[in-house]
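*Asks:* This is a predicted model, with the sequence first.
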Amino acid sequence: MSDRLSVGDTAPDFTLPDADGNDVALKDLRGKNVIVYFYPAAMTPGCTKQACDFRDSLDSLQAHGYAVLGISPDKPAKLAKFRERDGVTFPLLSDPDKEVLQAYGAFGEKTMYGKKVTGVIRSTFVVDPDGKIAVAQYNVKATGHVAKLRRDLGL
């Protein structure tokens, strides 16, 4: 099981392909606050709700200087379908080897329907302009999460 990150830790850098196969690097977003959220699978109901909530809040988040990146183990082609179907307006990144998921402690043992399983732990991080973790939330709920995050950030 990977170690969890805490506030003040240096955010692990990453470069991952987006839905179009273009590389997106966290370090290219230095100087901005970046919301990095990890979700189990594109096109599933909970993940769709969460992505749509981020989409619907994006203008407000961007106005306050936040960028949003969604990361899952899905391949770019599936992410492109998800983006088109739900009009997702921020980058969805592909981490099929789960290296970035593990670096952020967002992959490991979790309880699902009362059973212990290994998989993606729905998690959200805010990386500050200096590349440090400002917020680390594990096992977040898909529904209502964005509203709670905005409250936590004072937005």
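*Replies:* Arrived safely.
*Asks:* Show the contacting residues for D128.
*Replies:* 33, 134 (C-beta atoms under 8 Å, 6 or more residues apart in numbering). To be clear about C-beta, it is placed using only N, CA and C from the backbone, and glycine gets the same treatment.
*Asks:* pLDDT score for it?
*Replies:* Note on D128: pLDDT of 97.
*Asks:* Can you tell me how far it is from A80?
*Replies:* Separation of D128 from A80 (C-beta to C-beta, to the nearest Å): 30 Å.
*Asks:* Please apply the same query to K27.
*Replies:* Counting by C-beta to C-beta - K27 and A80 are separated by 24 Å.
*Asks:* what about those two, which has more around it?
*Replies:* Between K27 and A80, counted using other C-beta atoms under 10 Å, the more crowded position is A80 (19 against 10).
*Asks:* quick one: contacts for the more buried one?
*Replies:* Applying C-beta under 8 Å, 6+ apart, one finds that A80 lies in contact with 19-20.
*Asks:* hmm, try it at 10 Å
*Replies:* Going by C-beta atoms under 10 Å, 6 or more residues apart in numbering, A80 touches 18-21, 42, 74, 88, 92, 94.
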